[in-house]
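A.B. asks: what follows is a predicted protein model with its sequence.
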Amino acid sequence: MAKKPTKAQPSARPGKSSSTSKPSARRSSGPDGQRGNGDEVQQMVEGRHATLTTNQGVPLSDNQNSLKATPRGPTLLEDFILREKITHFDHERIPERIVHARGSAAHGYFQLTKSLKQYTTAKVLTEVGEKTPVFTRFSTVAGGAGSVDTPRDVRGFAVKLYTREGNWDLVGNNIPVFFIQDAMKFPDLVHAVKMEPDRGYPQAGTAHDTFWDFISLTPEAMHMVMWAMSDRTLPRSLRMMEGFGIHSFRLINAKGESTFVKFHWRPKLGLQSTVWDEAVKLQCADNDFHRRDLFESIQAGAFPEWELAVQLFTQEEADAFPFDHLDATKLIPEELVPLTVIGTMVLDRWPDNFFAETEQVAFCPSHLVPGIDFSNDPLLAGRLFSYLDTQLSRLGTPNFHQLPINAPKCPFANQQRDGQMQMQVPKGRVNYEPSSLDPTSARATPAGFRSFAERVAAQDGDDAAKGRIRPESFADHYSQARQFYRSQTAPEQAHMASALVFELSKVETAHVREAIVGHMRHIDEDFARRVADGLGMTKLPPAPAAAVPTEDRPKSPALQIIGKMKDTLHGRSVGILVHDGSDAAAVKTLRKAAEAAGAMVKIVAPKLGGAKLDDGKQLPADGQLAGTPSVLFDAVALVLSDEAGKMLAKEAAAVDWVRDAYGHLKAIAADAGAQAVLKAAGIGKDAGVVGADDSKGFIAAAKTRQWEREKKVRMLA
Ligand code: HDE
């Protein structure tokens, strides 16, 4: 069918047609600034320049239509504007991180409150009061960049500190130990945990055969497995997680003396996790639950905060530990070496651009500053190689340090030159060192980085031989796993058993399931029995041979989550369900009490427009009932007229709202009208279910979870 040629539609901003704009008059220049000033260039980068141009600065007259020979004829190869735009688009993605691909990050600062001058020359740890800018990225490990925020997984906790003496990257996790002792095993661990290569699933989870097969053959992983099966892998918020540098590092003082150090980040809001059923439902309710929570809290000015604490110990003290501190599957209990708080990290600014900052940030444990050094942890040694190497593949050039998010905020200069995407334009003849031609060129300084002059003595005298060796001091794989399990509260132990039952129930291979339960027998016979029962095993499988017997170590309450939950509603949220005719005074009182305790309050109603309360006023809703399930809140209240209560008792979204809150052990406040919904959900009274007029009781109950209730709602292993 022949069509009448139509005139191509040029791109036009409201009130401005491209034919009337005068592009050349407003044209900006490149960063070197021969034309245009810095502001104009920045505006152009931000897309705020008045005129659309190509990447070469050529003004566009039409950004909607490609160039065609005739209106319905062939599109022309000549169209350099189309080709540039599509080519750039085709190359927008870079390889995602092989692990920790899904992450969220924020800017902030670290401020030192206690000097470690006696131990280190690192200014970031000696200058009390100084604020060091930071960029902190939290991540899951197994899932891809587009996966969800709430699978059962370890979380990355990586902090880039832009110190005056260079960048220091403290690249840690939210668990203080790791699965393996030697970097040689890392690619296998990651292959085993990621989606299975033939079927391409599961995404972002450990509940599958290859992971547990590998683990069953890796006894050193048992301590970390206990942590991974605990609720540490189900954080309520990134703001409520601890962070750990894991490895021992060294601090070096002005005399060249070394002290070992472990780094801990402790959240100001305390620790809190979700329960498993809640985490599962959160994956449907909000894929970005943690990212959104971090974004919203920063936007609201409720800046997340952590204390930095250190454990300091000498070589002699380390020699007396009943474990080897160089083994990354071991932690140093706080009861053995106490934590000293030395500063605070505050995250107060969301990145301007996700790709440029959160995606392109390149963390490397090898980024250290003078006064800090590595230990001989063999896992750390592998990491020192791996991260730099992976950035070359991910960011494509050794010049990745020039990207704004990676560049030090102190001067940096050397004779490393050229390479892909070189952004700097070095001047002069001298690109080598030493040189005499340019006396102003950069030189080394005595204050520069020095490695600790460790005396490396052959442990077995002259007979020590090079080899692929695992030290005997790394042989105890079960004692700290037992210590961890036995240090937990009863609900936490039950969650661990249930988690393992869930994970192993997804494992198809019987001998793998049996091997894992066998390992558990070395940790705690009762725990192994609970898991075996949960899996329907008729008898306990044999325990594998252990290199050394498991020892009983003193309980360490610091390893709990429940014990570290803070008695506050700061950082938590409360949802209030209303409908037409709700008691306005009751809503107001509950809201006031929750906000006074620090909570963020959201109104939920069957319609987003809100509800007309009994005072005749319309209260707008923050969320529509069906799209705002109670998993998004830490505590809920229902204020409903009799009529609305009866109506909502027949609405699945309302019944699920309260049933889930009950099942997830949350506080519930409900007035007389709401009782019909509670009844439909089969909810009876308990310490956490209070009247809507008891705002004091509600707030007290909302600050914790109703652990006692759990026995009534779920059969835990
Ligand atoms: Fe990583 N790890 N890792 N890891 N890791 C990466 O580096 C690696 C380990 C951790 O937000 C990769 O830039 C090896 C322990 C975090 O960008 C890669 C070994 C701990 C992040 C890599 C380990 C971590 C990574 C992938 C064993 C806790 C995310 C992308 C020898 C102390 C950082 C990247 C971010 C990322 C290698 C073990 C934490 C491939 C070889 C132990 C938080 O280089």
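C.D. replies: Nice, I can see it.

A.B. asks: need the pLDDT of Lys685.
C.D. replies: Looking at Lys685, its pLDDT reads 89.

A.B. asks: same question but for Leu368, I mixed them up
C.D. replies: Here, the pLDDT recorded for Leu368 equals 97.

A.B. asks: tell me which element it falls in.
C.D. replies: Assigned by DSSP states H and E, Leu368 falls within no helix or strand.

A.B. asks: give me the number of residues near the residue lying closest to it once chain neighbours are set aside?
C.D. replies: Excluding the flanking residues, the one nearest Leu368 by CB to CB, 6 or more residues apart in numbering is Trp168, at 6.1 Å. C-beta: built from backbone N, CA, C; applies to glycine. Neighbourhood size, Trp168 [other CB atoms under 10 Å]: 23.

A.B. asks: and the next element down the chain from the helix or strand harbouring Trp168?
C.D. replies: Element membership of Trp168 [criterion: DSSP H and E] is strand 166-173. Read in the C-terminal direction, the helix or strand following strand 166-173 is helix 186-193, with elements assigned using DSSP H and E.

A.B. asks: for that next one, packing partners?
C.D. replies: Applying 3 or more CB pairs under 8 Å, 6 or more residues apart in numbering; DSSP states H and E, one finds that helix 186-193 contacts helix 209-216, helix 378-395.

A.B. asks: using a markdown table, please lay out those together with mean neighbour count and mean pLDDT.
C.D. replies: A markdown table is the format used below for the helices and strands packed on helix 186-193 (neighbours: other CB atoms under 10 Å; pLDDT from 0 to 100):
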| stretch | mean neighbour count | mean pLDDT |
| --- | --- | --- |
| helix 209-216 | 21 | 98 |
| helix 378-395 | 17 | 97 |
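
A.B. asks: how far away is Ser630 from the ligand?
C.D. replies: From Ser630 over to the ligand the distance is 31 Å, taken as CB to the nearest ligand atom, to the nearest Å.

A.B. asks: for that residue, which residues are in contact?
C.D. replies: By CB atoms under 8 Å, 6 or more residues apart in numbering, the residues touching Ser630 are Gly575, Val636, Asp656, Trp657, Val658, Asp660, Ala661, His664, Lys666.

A.B. asks: what about the strands in the stretch 551-700 of the chain?
C.D. replies: For the stretch 551-700 of the chain, strands defined by DSSP state E, counting those that start in this stretch occupy the ranges 573-578, 600-605, 611-612, 618-619, 623-624, 635-639, 667-670, 689-691.

A.B. asks: on the three-state scheme, Val341 is what?
C.D. replies: The local conformation at Val341, judged by DSSP: H, G, I helix; E, B strand; the rest coil, is strand.

A.B. asks: now do Ser297
C.D. replies: The local conformation at Ser297, judged by three-state DSSP, is helix.

A.B. asks: rewinding a little: hmm, Cys364 and the residue nearest to Leu368 touching each other?
C.D. replies: No. With contact taken as CB atoms under 8 Å, Trp168 and Cys364 are classed as non-touching, separated by 10.4 Å.

A.B. asks: hmm, back to that, ranking the strands of the stretch 551-700 of the chain by burial, who's on top?
C.D. replies: When you average the neighbours per residue for each of the strands of the stretch 551-700 of the chain (mean count of other CB atoms under 10 Å), strand 635-639 leads with a mean of 29.

A.B. asks: can you list the strands that that strand pairs with?
C.D. replies: Paired neighbours of strand 635-639 in the sheet (DSSP bridges): strand 573-578 (parallel), strand 667-670 (parallel).

A.B. asks: what's in contact with the last one?
C.D. replies: Contacts to strand 667-670, defined as CB under 8 Å, 6+ apart, come from residues 590, 635-638, 658, 661-662, 677-678, 683, 688-692, 694-695, 698, 701-702, 706.

A.B. asks: distance from the chain centre to it, please.
C.D. replies: Computed by CA atoms, centre = their mean, to the nearest Å, the chain-centroid distance of strand 667-670 equals 31 Å.

A.B. asks: mean confidence for that strand?
C.D. replies: According to the model, strand 667-670 has a mean pLDDT of 98.

A.B. asks: just stretch 135-151 next, same as before
C.D. replies: Mean predicted lDDT for stretch 135-151 stands at 98.

A.B. asks: same check, this time on stretch 82-97
C.D. replies: Model confidence over stretch 82-97 averages 97 on the pLDDT scale.

A.B. asks: mind exporting it as PDB, just the C-alpha atoms?
C.D. replies: This file holds the C-alpha atoms of stretch 82-97, laid out as PDB (Å, rounded to 0.1, in the frame of the first residue of the first chain):
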ATOM      1  CA  LEU A  82      22.100   6.600  14.200                       C
ATOM      2  CA  ARG A  83      25.200   4.400  14.100                       C
ATOM      3  CA  GLU A  84      26.900   6.300  16.900                       C
ATOM      4  CA  LYS A  85      23.900   6.200  19.100                       C
ATOM      5  CA  ILE A  86      23.200   2.500  18.500                       C
ATOM      6  CA  THR A  87      26.900   1.600  18.800                       C
ATOM      7  CA  HIS A  88      27.200   3.300  22.100                       C
ATOM      8  CA  PHE A  89      24.100   1.600  23.300                       C
ATOM      9  CA  ASP A  90      25.300  -1.800  22.200                       C
ATOM     10  CA  HIS A  91      28.400  -1.300  24.500                       C
ATOM     11  CA  GLU A  92      26.700   0.100  27.600                       C
ATOM     12  CA  ARG A  93      27.300  -3.000  29.700                       C
ATOM     13  CA  ILE A  94      30.600  -4.200  31.100                       C
ATOM     14  CA  PRO A  95      31.100  -7.700  32.500                       C
ATOM     15  CA  GLU A  96      29.400  -8.000  35.900                       C
ATOM     16  CA  ARG A  97      31.500  -9.000  38.800                       C
END
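
A.B. asks: fine by me, thanks again.
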